[in-house]
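In: Build me a structure from this.
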Amino acid sequence: MLNIIKAHKQAVIFLTAAALLAAVYAVFIYNPATANSPSGQKEAAAAADESSPVVKLETENEPVLPATESEAQKISMPDNLKEGMEHPFVARLQERLMELGFMENDEPTLYYGPVTASAIKTYQRQNNLIQDGVAGQETLAALFSQEAKYYAVSLGISGEDVKRIQNRLYELGYLTKKEEVNGDFNESTQKAVMKLQELNQLSIDGKVGRQTINLLYSEEVKPDYLAYGEKNDVVLAAQNRLKSLGYLTTAPDGNYGNDTVMAVKQFQSRNDLVVDGFLGPSTRIALEQGEATPNGIVLGEQGESVKRIQELLNKYGYLSSSNATGYFGEITEQAVKKFQADNGLKADGSVGVKTLSLLTGDKGIKAGTGSRPGTSDGGKSSGGNTVNGNIKALIDVAASKVGSKYVWGSKGPSSFDCSGFVYWSLNQVGVRQSYLTSSGWKSMGKYKRISNYDDIKPGDIVVEKGHMGIAAEGGKVIDASSGNGKVVYRQRSDWWRNNFIVAWRIFE
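Out: Numbers count the residues shown, from 1 in each chain. Now for the predicted structure:
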């Protein structure tokens, strides 16, 4: 036998190789994975319940859900999804809209509400589809295709989303007239976008895409108007007005320094403006109006403005330097009342225009040598107005807006997006926080950073990937939800843990 094998060595090798190839081929053909072949899919489809329509997840050219095809093939849905419906597939639909920038990121829901319908309309507009807000087969095929484009607007497009972008351009000084905020992406809007891109070192194309839309609400955005470091007569005029309204605590000199930034922020906060410290068009117009709200700092507030007042009270002998904590507690209030009484003012404990005018001037009466302030406010006051009281106040204020409409870009008081809701709530309890998107809150820095999700406490600002909310008791959160289309008070699910970036502790 050995001699025969040696004599026909080449033939034996050939036959052995052929046998091995046949075995491999048989394993491949009869493997259960054939269920994924076209014939296997047809057999599976034939076994499905005909009364429950199944979404066709493939077109002739490309898969509708290339990233999750095997999972999505199991999802059944109506032929059309429209406003008012609830369905498991809506969560996947919202998730895709969020991925592409048509909805603000949030925990997906099963509810196809007005926010989802509006996002679908915007997507349909961008893709030259009928703008009916209905997620039909044609819209779904385009939305889930590999070629689906990220949200973008450019010359000639109109809509509420365009108006929102124009409003931010106006706030930043790139659009100079309020009437230019009209929802039409015209040449003036295009020029404003190009200037924004130029000053912020982006590619200049006049279109608002992913990079530009993210820049608009970031802390890094460079405005096109008066800001820190400038010195001119326009700044001087603004300072004089801020001084007359009780916001500026130093002498006007035309120099846009830290005191002016602080005064502008306080003014913006009191007058329902975006708190960014810049003298943009909307702030300058509000300053010039006769009905501009004057300053008035009261018990429970905190910030640099409070600290400056405490330093002035210390200068006149009404408050010890150890109480200059930046928190307006009962000790500071008593010091203010004593100063007011000694100087012939109404002793109400609030720092308004008249009180601030005397504090910042040189005509105020100093306290007697026997007038010693008490112990430190220490970031809280007695009699119930403690830090815990501030946390409760924040949660109560936030909870009072449950059910309010969600509107992307809105900052209250009747409608909100997620960052606008946090901004409004904090300012209502005396925390003078500027408006930032969730992206800007990633590196806030001025509050205590909470990096561990399990360390979140009530009152903390919880920052997620593209979303944020206010932590409440019992593992709950209050947030303006795009998926729900309103402000909700809900339990934090695994979505919050999985998308967690950081939390910030405002009150200790």
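In: ok, Asp460 - how many residues close by?
Out: 24 (other Cβ atoms under 10 Å). Heads up, the C-betas are built off the backbone N, CA and C, glycines and all.
In: contacting residues for it?
Out: Contacts here follow Cβ atoms under 8 Å, 6 or more residues apart in numbering; on that basis Asp460 touches 450, 470-471, 503-506.
In: so how far is Asn295 from the residue nearest to Ala286 when sequence neighbours are not counted?
Out: Closest residue to Ala286 apart from its sequence neighbours, by Cβ to Cβ, 6 or more residues apart in numbering: Asn271 at 5.1 Å. Distance from Asn271 to Asn295, counting by Cβ to Cβ, to the nearest Å: 10 Å.
In: which residues of the stretch 301-450 of the chain fall in helices?
Out: Applying DSSP state H, counting those that start in this stretch to the stretch 301-450 of the chain gives helices spanning 304-315, 330-342, 353-360, 387-399, 418-428.
In: With distance to Gln146 added, can I get those helices in TSV?
Out: Formatted as TSV, these follow (distance: least, Cβ to Cβ, whole Å):
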stretch	distance to Gln146
helix 304-315	50
helix 330-342	61
helix 353-360	61
helix 387-399	40
helix 418-428	29
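In: just these: most buried one?
Out: Each of the helices of the stretch 301-450 of the chain was scored by mean neighbour count; the highest is helix 418-428, a mean of 24, by mean count of other Cβ atoms under 10 Å.
In: mean confidence score for it?
Out: Averaged over helix 418-428, pLDDT sits at 90.
In: All further residue positions should be reported with the first residue as 6.
Out: OK, 6 is where the count begins now, so the last one is helix 423-433.
In: For it, name the packing helices and strands.
Out: In this structure, helix 423-433 makes packing contacts with helix 392-404, strand 472-476, strand 481-486, judged by 3 or more Cβ pairs under 8 Å, 6 or more residues apart in numbering; DSSP states H and E.
In: now the ones you listed as a markdown table including distance to Gln136?
Out: Output for those, formatted as a markdown table (distance: least, Cβ to Cβ, whole Å):
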| stretch | distance to Gln136 |
| --- | --- |
| helix 392-404 | 35 |
| strand 472-476 | 26 |
| strand 481-486 | 24 |
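In: Show me what the helix or strand containing Gln202 is in contact with.
Out: Using DSSP states H and E, Gln202 sits within helix 192-204. With Cβ under 8 Å, 6+ apart as the test, helix 192-204 has contacts from 159-160, 167, 170-171, 174, 177, 179-180, 185, 207-213, 217, 220-221, 226-227, 229.
In: Contacts only, for Ile475.
Out: By Cβ under 8 Å, 6+ apart, the contact list for Ile475 reads 399-400, 403, 426-427, 430, 464-467, 482-484.
In: Hmm, Phe107 and Thr121 touching each other?
Out: No - at 9.5 Å, Thr121 does not count as touching Phe107 under the criterion of Cβ atoms under 8 Å.
In: neighbour-wise, which of those two wins?
Out: The neighbour comparison of Thr121 against Phe107 (other Cβ under 10 Å) goes to Thr121, with 28 against 22.
In: how near is the more buried one to Ala96?
Out: Taken as Cβ to Cβ, the span from Thr121 to Ala96 is 10 Å.
In: Now list whatever residues contact both of these two.
Out: In contact with both Thr121 and Ala96: Gly488, using Cβ under 8 Å, 6+ apart.
In: any idea which helix or strand comes after the helix holding Gln202?
Out: With elements assigned by DSSP H and E, the helix or strand that comes after helix 192-204 is helix 215-221.
In: That following helix packs against which elements?
Out: Taking 3+ Cβ pairs under 8 Å, 6+ apart as contact, the helices and strands that helix 215-221 lies on are helix 165-176, helix 192-204.
In: Could you check how far Ser439 is from Glu224?
Out: Distance from Ser439 to Glu224, by Cβ to Cβ: 8 Å.
In: What of Ile162?
Out: 28 Å.
In: what about the two, which has more around it?
Out: Set Ile162 next to Glu224 and count neighbours by other Cβ under 10 Å: Ile162 wins out with 19 against 15.
In: Would you confirm that Trp509 belongs to a helix?
Out: No - Trp509 sits outside any helix when classified using DSSP: H, G, I helix; E, B strand; the rest coil, being strand.
In: any idea where the strands of the chain begin and end?
Out: Remark: strands assigned in the chain by DSSP state E are 410-411, 420-421, 453-455, 466-469, 472-476, 481-486, 491-496, 505-510.
In: Name the residues that touch the last one?
Out: Contacts made with strand 505-510 from outside it, assessed by Cβ under 8 Å, 6+ apart, are listed as 446-447, 449, 452-456, 458, 460-462, 464-470, 476.
In: ok, of those residues, which come out buried?
Out: Neighbour counting with 16 or more other Cβ atoms under 10 Å marks 446-447, 449, 452, 455, 458, 461, 464-469, 476 as buried within the contacts of strand 505-510.
In: which ones are touching Phe421?
Out: Neighbour list for Phe421: 406, 409-412, 415, 429, 485, 492 [criterion: Cβ under 8 Å, 6+ apart].
In: Name the member of those with the most neighbours.
Out: Ala485 (33 neighbours).
In: between Asn276 and Asn300, which one's more packed in?
Out: Of the pair Asn276 and Asn300, Asn300 is the one with more neighbours under other Cβ under 10 Å, namely 22 against 18.
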